[in-house]
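**Student:** Got a predicted structure here, sequence first:
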There are 2 protein chains.
Amino acid sequence: MQAKLNELFSALSDATRREILIMLLEDDMAVTDVAHPFDMSLPAISKHLNILSNAGLITQERRGRVNWCKLEPDGLRDASVWMLSFGQFDIPDIEDLERLIESHIDLTQKN
Amino acid sequence: MQAKLNELFSALSDATRREILIMLLEDDMAVTDVAHPFDMSLPAISKHLNILSNAGLITQERRGRVNWCKLEPDGLRDASVWMLSFGQFDIPDIEDLERLIESHIDLTQKN
DNA sequence: ATTATATTTAACCATATGGTTAAGTATTGA
DNA sequence: TCAATACTTAACCATATGGTTAAATATAAT
């Protein structure tokens, strides 16, 4: 369990990977399309996608020569449970959530 | 903001640091006492505590020669908001939370 | 059959991370 | 004043991480 949490939080600790997750909120994507907005080589993105897969945050399904990347909605669950179990911080208010969701949308539109 | 989230998730990606946070749920602790249950040198723990401080997850207050470590309850907030904003995963059920809180208690008793 | 597309694998590099030991700095107690 | 306590800082080391380019693989299109 600790190893799994290590992997999860570690996967989330990189901004590129978090952006990829946000992009995948919109829709499933091919690896090349995931790579497009980033100023980074395809192999680099491929590595990031592997890390996200291993952490259980996405799944990849190859159809023909295209590898489709798809958000794994329950992937964040364990990390979320771990954090909420602290129960020490104020429950994030709705406005914070809304502001952040907006910013996700801004981001996906920009790219 | 991305840099802050990097720091936060990165701080949480290490099992030693997560255990320290759980220990601090019980009470504030001196550095030496934090170090005690771990099979690791004091400087190593000191580094971990710095990382937790920089991530905003704990605060340290020196009184005399003792540096008291204290959980920063709102420290997890930003990371939590980020994760909840995905809103894609099932809300963690109460039983999961309770089971995990129990396991935290077991852990602090063991040490 | 050949070429283009989509992606991964391999080899490499610089920097970051997590540990160590040894030495340094305050503060407290005898 | 001298020694013990509670740390932190410095220097170092091995391995991990995040990037690169070049080559390999598999499928699709011509």
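**Tutor:** Received the coordinates, thanks. Numbers count the residues shown, from 1 in each chain, chains lettered A, B, ... in the order given.

**Student:** switch to C-alpha atoms for all contacts and neighbour counts from now on
**Tutor:** Fine.

**Student:** ok, A:S41 - how many residues close by?
**Tutor:** 10 (other Cα atoms under 10 Å in any protein chain shown).

**Student:** which residue packs closest to it, ignoring adjacent ones?
**Tutor:** The shortest distance from A:S41 to any non-neighbouring residue, by Cα to Cα, 6 or more residues apart in numbering or on different chains, is to A:A35 (7.6 Å).

**Student:** shouldn't the one you found be in contact with A:I45?
**Tutor:** Yes - look at A:A35 against A:I45 with Cα atoms under 8 Å: they come within range, at 5.9 Å.

**Student:** Quick check: phi and psi at the closest residue to A:T32 other than its chain neighbours.
**Tutor:** Counting by Cα to Cα, 6+ apart, A:T32 lies nearest to A:L42, which is 7.1 Å off, once chain neighbours are set aside. Torsion angles at A:L42 (phi, psi; degrees, to the nearest 10) stand at phi -60, psi -50.

**Student:** any idea how far A:L42 is from A:V31?
**Tutor:** Using Cα to Cα, to the nearest Å, we find A:L42 at a distance of 8 Å from A:V31.

**Student:** Could you pull up the residues touching A:M83?
**Tutor:** B:L76, B:S80 (Cα atoms under 8 Å, 6 or more residues apart in numbering or on different chains).

**Student:** Ignore what I typed, I meant A:L49.
**Tutor:** A:R17, A:I58.

**Student:** what do you get for the one 3 residues further on?
**Tutor:** Shown here is A:L52, whose contacts under the criterion Cα under 8 Å, 6+ apart are A:A11, A:R17, A:I58.

**Student:** Thanks a lot, see you next time.
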